[in-house]
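J.: Need the 3D shape of this:
(3 chains)
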Amino acid sequence: MTDRIITLRGQSPTAKTYRIDYAGLLNPAQLAAVTHRDGPILVVAGAGSGKTRTLIYRAARLIESGVAPESILLLTFTRRAAQEMLRRVEGLLGDGARGIAGGTFHSFANTVLRRYSNAIGIKPNFTILDRADMEDVINLVRTRSGLVTRDRRFPKKSAIAGLISMARNKRRTIADEIDIDYPHLAEHLAELIQLAAGYDGYKKERGLLDYDDLLDRLTELLDRHEPVRLKLGAAYRYVMVDEYQDTNAVQAELVRQLGREHGNVMAVGDDAQSIYSFRGANFRNIMDFPALFPGARIIKLEENYRSVQGILNVANEVINGAAEKYTKALFTRREGGVSPLLVRAGDEHMQSRFVAQRILDLREEGIELEEIAVLFRSGFHSFDLELELQRCDIPFIKRGGFKFVETAHIKDVLAHLRVVANPADAVSWLRVLMLVPGVGHRTAERAIDGIVEAADPAAAITSALAAPGDRRAGAASRLADLMTALRAKGITPARQVGLVMEYYAPILRDAYPDDYPRRQRDLDHFQTITERYRSLESMLTEMALEPPADSLGGVLATDSDEAVLTLSTIHSAKGLEWRVVFLIWVADGRFPAPQGVEPEEIEEERRLMYVAATRARDELYFVYPIYMFDRAVGYTMGQPSRFLDSLNPETLPTAALEESDDTSEG
DNA sequence: TACAAGTAAGTTTTT
DNA sequence: CTTACTTGTA
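T.: Here you go, the predicted model:
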C-alpha cells in the first residue's frame, strides 16, 4: 500500500492554486493580461473583446494571490461602470472581494481632497460646482467686475465656461487655448483672461470647486506633498484604469502620480472608441501610456465575443473609412444571425412607428425589452419616439441628454440645502434670495455679503430684507424660518428636502403656472431618492458627481424592477450591450452632428457610430427619415449618414417602409 | 432705481 | 426651452 499524497498549499509561489480556472475561462491574450502581476501594462481591447471581463478577473486573480482588496484601486468613468465591476468581482469571489476601492476620477479626487484638504488650504466642506453652477459664477463675476455688458458679441456664459474648462483639461493657458481652439474669441482675449482669473479667485474665496478643480487640486496635492503621495501609493498598490482612451492630460498626469512609487498600473482602452475629445480627451493618450510608464507591457484583445459577424462587418467598414488607422482589427466566431438593416422612413414619425412596431414584434418573438436599446446622437432625437412609445404602452427609461439636477426647480431646491452645508456659497445664496418675491439680482447681491458673513443667516436675512413695512417682509421671514429649521440638529437630508419643498411649493406654482404639476412630480421623486442619504454633504456631493440621470416619460425615474426598454445617447451607452440595437437619425445633418466641421471632429463622430454599432449582439437597425425638419431651412431631403457611404451594399442591405393598405394593420 | 414681464434668438455629447 | 436683452411698471 502506498500512502495517499496530500498537497500543502500556499508555501511556495509555484504551488499556488486558485479557485478560479483562469486558463479555462479566458483566451490566451486575456489570460496574459489577467495573470500579469507587477509593473505597468496597457491592454488595448477592441469593442466586445472581454475588456470588463479581463479587469474583473485580474482583480480576482490579485486577490486570490494574496493582495488585499483595499489596495486595489479601480478608476472608471462612471459610477455605474465601477459598481457593475465590483458586483461581478463579488460574484466570482464572494465577500473576499469586498473593499476594492473604486469610482470615477472625480469621485476619487473628492474623497482624497476632503481628507487632506488642510494640506492645500481648502475647506473640507467645499461645495462642488456643476457646469450650470460654474456658469452662474462666471455671470456673477462678469457683472461684478463691470466687464462688458453692452457688447453683444461678447461670448455667452456657456461659451466662456467651455473655454475655461477646455484650457484646464488640456493644461493650457487661456491665451493659448483661445489661440488654438477659439480663435474667434481673440478680440476679447484680455477680458476673458481677466474673467477667468476672477472666476478662480471667487471659487478660492468661497470654498467652491468645479469639476476641473477636483482633478487639478488632487494633482497639485500629489505633486507638492510627497507624504500624501507616498501614503496613497502605499494604500493603493494596484491601480486599474478603464476607458483609458477617454482620459485627458490632467487625468494621465494623475495616473502617473498614483503609480509613481510602484508602477503597478493597468490601463485598458480602445483608441477606436475615443468619443470625449470635447472634454479634452485625446485618443493618442492611450499610445502615450508607455511614455508615462516606460517598459509597459502591451497586450491586444482582438477577438470579439459580443456580435455576430454581420454586425461586426458594419462596424469594421465604418471605422475603416477613417482617415486614421486604428490599432486593431476585430474578428468573431459568431456566425449567422440576422443581417443588419438600413431602414429608410418617410419622415420622423414613420421612423418612430417602425421602431415601436419592431419592438412589439420582438417581444412576440420572446426578446425582453431589457435586451433592446434605441440609441441616438443627441438627447432630443428621441422626443418623437418617446411619444410613440407611450402611445404603444412600451415602458422605457432614457439615459443621457437632459439632466434633472440641472433643471431650474431641482436646482432651486438644492440651492437652499447648499447654503446650509456651505454658508459661504454665495452663488447658491443668490439663487435662494432671488426666489423671494420682490427680490431681484440687485437686492440679492447687496444682501449677500452680510448673510455670508453672519453667524446666523436667518437673522441676517431678516435684517436685510424684512424691515418693518417692507413689502417683502412676509416672504423674507418665511425664508429666515426655513433656514433656522434646516439647521436643526439631527435632521435627516430627506426631512430637509421636505422642508424646502413646503417652502418652495408656492414659488414653484407662481414661476411655472403652465407646468408646475410636472415639476412637482419631479420633486416628489427627487425626495424619494434623497431618502437613502445619511448626511447632507454626501447627498450634495453625489448630486454633483453622479446625479440621477434616468428619466421615465420625461419625469425623473426612481429605481424600478420593471423590465423596460432603454433609450440612450451613444455617449451614455458606452461599455454596455444589448441583443437588439436601433440607431435612429442616421442621417447627415444629425449624425454627424451639424456643429462639427473640423476633420478631427468628423473623425470623432465616425468613432461614435462605431461605438453605437458595436453595442449590438444579434440585431442592428439603422433608421433615417427622408423628410427632415430643420428650423433654419424648413423641410429638407434626408441623406443617410456619410459614414455609411463607403459601406458595401451586401454588408448593410436597405429597406423602405410603406403604409399598409389594410387599415387594421399598423 | 429696481423689478417683472415680454420678446427675440440660439439649442451635442459628460464628469 | 433657455438665455439675454428690451420695454413696462411701482
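J.: Please, where are all the helices along the stretch 451-600 of chain A?
T.: For the stretch 451-600 of chain A, helices defined by DSSP state H, counting those that start in this stretch occupy the ranges A:457-465, A:473-486, A:493-511, A:516-530, A:536-545, A:570-573, A:599-613.
J.: how about CSV for those, with distance to DNA strand C, mean neighbour count and mean pLDDT added?
T.: For glycine as for every other residue, the C-beta is placed from the backbone atoms N, C-alpha and C. Below are the helices of the stretch 451-600 of chain A laid out as CSV (distance: least, CB to the nearest atom of the strand, whole Å; neighbours: other CB atoms under 10 Å; pLDDT from 0 to 100):
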stretch, distance to DNA strand C, mean neighbour count, mean pLDDT
helix A:457-465, 17, 20, 84
helix A:473-486, 15, 19, 88
helix A:493-511, 10, 17, 89
helix A:516-530, 9, 17, 85
helix A:536-545, 17, 20, 89
helix A:570-573, 20, 21, 92
helix A:599-613, 24, 21, 92
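J.: closest to DNA strand B out of the ones you listed?
T.: Among the helices of the stretch 451-600 of chain A, helix A:570-573 comes nearest to DNA strand B, with 3.6 Å by CB to the nearest atom of the strand.
J.: So which elements touch the closest one?
T.: Helix A:570-573 is packed against strand A:372-376, helix A:599-613, with contacts defined by 3 or more CB pairs under 8 Å, 6 or more residues apart in numbering; DSSP states H and E.
J.: which residues sit in contact with A:Glu187?
T.: For A:Glu187, the contact set (CB atoms under 8 Å, 6 or more residues apart in numbering) comprises A:Arg153.
J.: meant to ask about A:Thr219
T.: By CB under 8 Å, 6+ apart, the contact set of A:Thr219 is A:250, A:253-254, A:257.
J.: re earlier: go through the helices of the stretch 451-600 of chain A and name the closest to A:Asn169.
T.: helix A:599-613 (15.3 Å; CB to CB).
J.: Would you mind getting the angle between that closest one and strand A:372-376?
T.: 170 degrees (axes from the mean of the first three to the mean of the last three CA atoms, to 10 degrees).
J.: SS state for A:Asn316?
T.: helix (DSSP: H, G, I helix; E, B strand; the rest coil).
J.: hmm, back to that, of the contacts of A:Thr219, closest to DNA strand C?
T.: Distances from DNA strand C to the contacts of A:Thr219, taken by CB to the nearest atom of the strand, are shortest for A:Val250, at 26.3 Å.
J.: Excluding chain neighbours, give the residue nearest to the closest one in space.
T.: Closest residue in space to A:Val250, ignoring its immediate chain neighbours: A:Leu215 at 4.8 Å, by CB to CB, 6 or more residues apart in numbering.
J.: A:Leu360 now?
T.: That would be A:Cys392: by CB to CB, 6+ apart, it lies 6.6 Å from A:Leu360.
J.: From DNA strand C, how far out is that neighbour?
T.: Per CB to the nearest atom of the strand, to the nearest Å, A:Cys392 is found 22 Å from DNA strand C.
J.: shouldn't that residue be in contact with A:Ala356?
T.: Yes - with contact defined as CB atoms under 8 Å, A:Cys392 reaches A:Ala356; the gap is 4.8 Å.
J.: who has more neighbours, those two?
T.: More crowded of A:Cys392 and A:Ala356, by other CB atoms under 10 Å: A:Ala356, with 22 against 15.
J.: show me the contacts for the more buried one.
T.: A:385, A:388-389, A:391-392, A:394.
J.: Closest one of the residues you listed to DNA strand C?
T.: Taking CB to the nearest atom of the strand as the measure, A:Leu385 is the one of the contacts of A:Ala356 closest to DNA strand C, at 16.0 Å.
J.: helix/strand/coil for the closest one?
T.: helix.
J.: what does A:Leu620 give?
T.: strand.
J.: I'd like to know how far it sits from A:Ala190.
T.: Noted for A:Leu620: a distance of 52 Å to A:Ala190, by CB to CB, to the nearest Å.
J.: circling back to that earlier point, right, and the residue nearest to A:Val250 touches A:Leu254 too?
T.: Yes - with contact defined as CB under 8 Å, A:Leu215 counts as touching A:Leu254 (6.3 Å).
J.: Quick check: neighbours shared by those two?
T.: A:105, A:109.
J.: Compare the contacts of A:Ala356 and tell me which is most surrounded.
T.: Neighbour max across those (other CB under 10 Å) = A:Leu385, 27 neighbours.
J.: how about that residue, what does it touch?
T.: So A:Leu385 contacts A:351-352, A:355-356, A:374, A:567, A:584 (CB under 8 Å, 6+ apart).
J.: Looking at the residues you listed, which is nearest DNA strand B?
T.: Using CB to the nearest atom of the strand, A:Leu567 comes nearest to DNA strand B of these, at 11.4 Å.
J.: and the closest one, what are its bridge partners?
T.: Beta-bridge pairing of A:Leu567 under DSSP bridges involves A:Val374, A:Lys398.
J.: I figured it hits A:Phe396, correct?
T.: Yes - applying CB under 8 Å as the test, A:Leu567 and A:Phe396 come out as touching, 5.4 Å apart.
J.: neighbour count winner among those two?
T.: Taking neighbours as other CB under 10 Å, A:Leu567 and A:Phe396 compare with A:Leu567 leading, 28 against 23.
J.: list the contacts for the more buried one?
T.: A:Leu567 touches A:373-376, A:382, A:385-386, A:396-399, counting by CB under 8 Å, 6+ apart.
J.: which ones among these come in contact with DNA strand C?
T.: Among the contacts of A:Leu567, no residue sits close to DNA strand C (CB under 7 Å from any atom of the strand).
J.: Contacts only, for the residue nearest to A:Arg377 when sequence neighbours are not counted.
T.: Nearest non-adjacent residue to A:Arg377, counting by CB to CB, 6+ apart: A:Phe591, 4.4 Å away. Residues in contact with A:Phe591 (CB under 8 Å, 6+ apart) are A:376-377, A:585, A:605, A:608-609, A:641, A:643.
J.: Just name the closest of those to A:Gly346, please.
T.: Among the contacts of A:Phe591, A:Trp585 lies closest to A:Gly346 (CB to CB), at 14.2 Å.
J.: The closest one contacts A:Phe622, correct?
T.: No - counting by CB under 8 Å, A:Phe622 is not a contact partner of A:Trp585; they are 9.6 Å apart.
J.: which one of the two has more residues nearby?
T.: A:Phe622 (28 against 24).
J.: Check which helix or strand the residue nearest to A:Val250 maps to.
T.: Per DSSP states H and E: A:Leu215 is located in helix A:211-224.
J.: That helix and DNA strand B in contact?
T.: Yes - using CB under 7 Å from any atom of the strand, we find that helix A:211-224 touches DNA strand B at A:Tyr211.
J.: before we move on, back to that, let me have the helices and strands packed on helix A:570-573 in a markdown table, adding distance to DNA strand B as columns.
T.: As requested, those are exported to a markdown table (distance: least, CB to the nearest atom of the strand, whole Å):
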| stretch | distance to DNA strand B |
| --- | --- |
| strand A:372-376 | 9 |
| helix A:599-613 | 7 |
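J.: and of the ones you listed, who's closest to A:Ile41?
T.: Nearest to A:Ile41, of all the helices and strands packed on helix A:570-573, is helix A:599-613, at 23.9 Å by CB to CB.
J.: now the closest one: how far from the chain's centre is it?
T.: How far helix A:599-613 lies from its chain's middle: 18 Å, per CA atoms, centre = their mean, to the nearest Å.
J.: For it, which helices and strands make contact with it?
T.: Checking 3+ CB pairs under 8 Å, 6+ apart, helix A:599-613 ends up next to helix A:309-320, helix A:570-573, strand A:578-583.
J.: so, in contact with DNA strand B or not, the shortest one?
T.: Yes - counting by CB under 7 Å from any atom of the strand, DNA strand B has neighbours in helix A:570-573: A:571-572.
J.: ok, which pair from the contacts of A:Leu385 is furthest apart?
T.: Going by CB to CB, the pair spanning these furthest: A:Gln351 and A:Leu567, at 13.5 Å.
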